[in-house]
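**Student:** what follows is a protein structure lacking sequence information:
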């Protein structure tokens, strides 16, 4: 991918990167381990972004 990207693509990449973060530990503790994973978690190798 080119280093110079359109602003819209940059924004989408930033949003996807934020969504890919793990659930905070205080949430895991509060829900007693029911929510350990985020449903939108994505690995750069296994799942590609479609844009």
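**Tutor:** Done, it's in. Quick caveat, the model's predicted, so the values are computed rather than measured.

**Student:** for residue 27, give its distance to residue 2.
**Tutor:** 37 Å (C-beta to C-beta, to the nearest Å). (Glycine included, C-beta is placed from N, CA and C.)

**Student:** in contact with the residue nearest the centre of the chain, which residues?
**Tutor:** For the chain, the residue sitting closest to the mean C-alpha position, by C-alpha atoms, centre = their mean, is residue 20 at 1.5 Å. Going by C-beta atoms under 8 Å, 6 or more residues apart in numbering, residue 20 touches 38, 40, 41, 42.

**Student:** go on, residue 48?
**Tutor:** No contacts exist for residue 48 under C-beta under 8 Å, 6+ apart.

**Student:** check the one 3 residues further on too.
**Tutor:** Shown in contact with residue 51 (C-beta under 8 Å, 6+ apart): 9, 12.

**Student:** thinking again about what came up before, between residue 27 and residue 2, who's got more neighbours?
**Tutor:** Taking neighbours as other C-beta atoms under 10 Å, residue 27 and residue 2 compare with residue 27 leading, 13 against 6.

**Student:** surely the more buried one touches residue 37?
**Tutor:** No: between residue 27 and residue 37 there is no contact under C-beta atoms under 8 Å: 11.1 Å.

**Student:** poorly predicted segments of this structure, please.
**Tutor:** Counting by pLDDT under 70, the chain has low-confidence residues at 1.

**Student:** in it, which spans are helices?
**Tutor:** 7-19, 25-30 (DSSP state H).

**Student:** as TSV, those helices with distance to residue 49 would be great.
**Tutor:** Below are those laid out as TSV (distance: least, C-beta to C-beta, whole Å):
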stretch	distance to residue 49
helix 7-19	6
helix 25-30	25
